[in-house]
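J.: Just a sequence and a predicted model for now, questions to come.
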Amino acid sequence: MTALLSRDGTDFSLVCDSCGWVIGNLATSTGDWRGAWRLFSLDGWHGSELAIGPHGCGRCGPPAALAGIVARSLDAPSVLPAGRVGQRIVVQLLSDVRAIYLRGELLCADEARLWDVLSGDPGRFVHLMVDVSQVRRLSSATLDVLVRAAQRAAERGGRTCLVGADPAVSRALRMLCLHHLLPAWAEQVSALEWLRAGRPVAT
Ligand SMILES: [Zn+2]
């Protein structure tokens with residue numbers, strides 16, 4: 001994620017993944033991610049159309065790495081034991097859906113664990129449902145993990161959605177123009193119906 005959310009989730013900054021240059025308070029001046037990126041790509045920035053990046057400033061040129069700063073930190077081999085305890089993440093496996101429950105604000109170790117959980121082979125669990133009803137905000141790193149998981153699921157014909165997003169979470173998703181990748185439903189029943197309305201899943 002190279003569009004970094006502010007702590008309260010009401011603003012964001014653009015970060016160059018090569019040199020670390022940060023341009024802050026972009027919601028105030030440009031409205032949302034799309035407006036910001038239109039402006040900065042005219043100013044010589046390169047990179048992904050999506051807020052998750054990677055992005056490179058005009059001085060650095062196109063970003064060399066395929067993943068942004070946050071993603072690269074999550075890709076690094078973990079020094080923690082496999083299966084590390086994380087009470088803030090609960091995984092439930094339904095017939096064709098992985099349901100992930102996030103509880104409270106995730107710490108860096110939780111985000112790394114979430115990445116571990118979601119980056120492996122999903123097997124028959126083609127769809128992903130992430131219950132965020134116990135979460136008041138999602139960090140840029142969490143969003144990075146979820147968006148990349150949604151992209152991988154989509155490659156296999158799977159869908160991804162959120163359940164029970166706080167209005168502040170929904171606002172942050174719209175601000176970063178990620179709401180179409182992580183659509184939010186109020187309740188699990190509607191979420192599951194939507195997930196399974198996609199391509200039929202062979203069992
Ligand atoms: Zn740069």
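T.: On my side now, so go ahead. Being a predicted model, the structure only gives us computed values, none of them experimental.
J.: In the top helix by length along the chain, which residues are buried?
T.: When the chain is parsed with DSSP state H, its longest helix is helix 140-155. Buried residues in helix 140-155, counting neighbours by 16 or more other C-beta atoms under 10 Å, are found at 140-150, 153. Bear in mind the C-beta positions are built from the backbone N, C-alpha and C, glycine included.
J.: Tabulate the CA atom coordinates of it in CSV.
T.: Once non-C-alpha atoms are left out, helix 140-155 reads as follows in CSV (Å, rounded to 0.1, in the frame of the first residue of the first chain):
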residue,chain,number,x,y,z
SER,A,140,-3.1,0.6,5.0
ALA,A,141,-1.2,-2.6,5.6
THR,A,142,-4.4,-4.6,6.3
LEU,A,143,-6.0,-3.1,3.2
ASP,A,144,-2.9,-4.0,1.2
VAL,A,145,-3.2,-7.6,2.4
LEU,A,146,-6.9,-7.8,1.6
VAL,A,147,-6.7,-6.2,-1.8
ARG,A,148,-3.9,-8.5,-2.9
ALA,A,149,-5.9,-11.5,-1.6
ALA,A,150,-9.0,-10.3,-3.5
GLN,A,151,-6.9,-10.0,-6.7
ARG,A,152,-5.6,-13.5,-6.2
ALA,A,153,-9.1,-14.8,-5.5
ALA,A,154,-10.4,-13.1,-8.7
GLU,A,155,-7.7,-14.8,-10.8
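J.: What is it packed up against?
T.: On a contact count with 3 or more C-beta pairs under 8 Å, 6 or more residues apart in numbering; DSSP states H and E, helix 140-155 meets strand 3-5, helix 69-75, helix 108-119, strand 127-134, strand 160-163.
J.: could the ones you listed be laid out in CSV, adding mean pLDDT and distance to Gln87?
T.: Formatted as CSV, the helices and strands packed on helix 140-155 follow (pLDDT from 0 to 100; distance: least, C-beta to C-beta, whole Å):
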stretch, mean pLDDT, distance to Gln87
strand 3-5, 92, 24
helix 69-75, 61, 20
helix 108-119, 89, 9
strand 127-134, 96, 11
strand 160-163, 97, 19
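J.: Between these, which one is closest to Ser48.
T.: For Ser48, the closest of these is strand 3-5, at 9.9 Å, according to C-beta to C-beta.
J.: Name the residues of the helix or strand encompassing Arg171 that are buried.
T.: In the assignment (DSSP states H and E), Arg171 maps to helix 167-175. Buried residues in helix 167-175, counted by 16+ other C-beta under 10 Å: 169, 172-173, 175.
J.: From these, pick the one nearest the ion.
T.: Met175 (23.0 Å; C-beta to the ion).
J.: Stretch 183-197: end-to-end distance?
T.: 14 Å (C-alpha to C-alpha, to the nearest Å).
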